[in-house]
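>>> For reference, the sequence and a predicted model appear below.
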Amino acid sequence: MTKLAIYPGSFDPITNGHLDVIKRALKIFDKVVVAVGENPNKKYLFTVKERKDMLGNVTKGLNVEVDHFSGLLIDYAKKKKANAIVRGLRAVSDFDYEFQTALMNRKLDSRIETIFIMTRGMYSYLSASIVKEAASLGANLNGMVPDYVEEKLKKKFKH
Ligand code: PNS
């Protein structure tokens, strides 16, 4: 039986930290569905289509499906018949929110586990937000995001 994980997130845009979590999740699961969330309370730099395009480009060759969802993550995970939800953890500061969300998701459906993958130390400072701030100010993003994403960020900020 294929073991399937959903890796949900905003991915606005995908960073090398996200990509590392995807690759490591693929050591545990046969396939990972990277699902772009649409949180109406968040303002995004990239459209869902642009975020999916970047995800598709940088996960080429991996057993990854790129998709998007709206509404409850747990409903989407059930619809996809997922075995687990994967989230990355960078630091203690991520923990409260992730713990609360995982417990809420378990309350909504206890059959789907949430699995946390610790970030590699070298990516622990990385977030899509800090990357966008650095990109907006013309910083060199080498090692932070895949080249394709760096190009898209440069275009957005017209550097
Ligand atoms: O990259 P992010 O911003 O941390 O991703 C957050 C996302 C989209 C994964 C999260 O907001 C989410 O799952 N939204 C769907 C609504 C939901 O199911 N919330 C949790 C239970 S109420």
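Thanks, I have the structure now. Residues are numbered from 1 along each chain as shown.

>>> Wait, Phe69 touches Ala35, no?
Yes: counting by C-beta atoms under 8 Å, Phe69 touches Ala35, with 5.1 Å between them. Just so you know, the C-beta spots here come from the backbone N, C-alpha and C atoms, and that holds for glycine as well.

>>> anything in contact with each of these two?
Common contact partners of Phe69 and Ala35 (C-beta atoms under 8 Å, 6 or more residues apart in numbering): 8, 76.

>>> So these two - more neighbours on which side?
Set Phe69 next to Ala35 and count neighbours by other C-beta atoms under 10 Å: Ala35 wins out with 23 against 19.

>>> my hunch is that the more buried one is in a helix, does that hold up?
No: per DSSP: H, G, I helix; E, B strand; the rest coil, Ala35 lies outside any helix segment and is strand.

>>> Dig out what it forms beta bridges with.
Beta-bridge partners recorded for Ala35 (DSSP bridges): Pro8, Asp67.

>>> buried set for stretch 49-57?
50-55 (16 or more other C-beta atoms under 10 Å).

>>> If you could redo that for stretch 62-76, that was the one I meant.
So stretch 62-76, judged by 16+ other C-beta under 10 Å, has buried residues 64-66, 68-69, 73-74, 76.

>>> ok and the residue in the protein nearest the ligand?
Closest contact between the chain and the ligand, by C-beta to the nearest ligand atom, is at Gly37 (2.3 Å).

>>> Tell me which residues touch that residue, please.
Here Gly37 is in contact with 8-10, 68-70, 73 (criterion: C-beta under 8 Å, 6+ apart).

>>> now, which of those lie close to the ligand?
Contacts with the ligand within the contacts of Gly37, counted by C-beta under 6 Å from any ligand atom: 8-10, 73.

>>> now, which of these sits nearest Glu151?
Comparing the ones next to the ligand among the contacts of Gly37 against Glu151 with C-beta to C-beta places Ser10 closest, at 19.7 Å.

>>> Just to check, that closest one is in contact with Val34?
No: using C-beta under 8 Å, Ser10 makes no contact with Val34, being 11.4 Å away.
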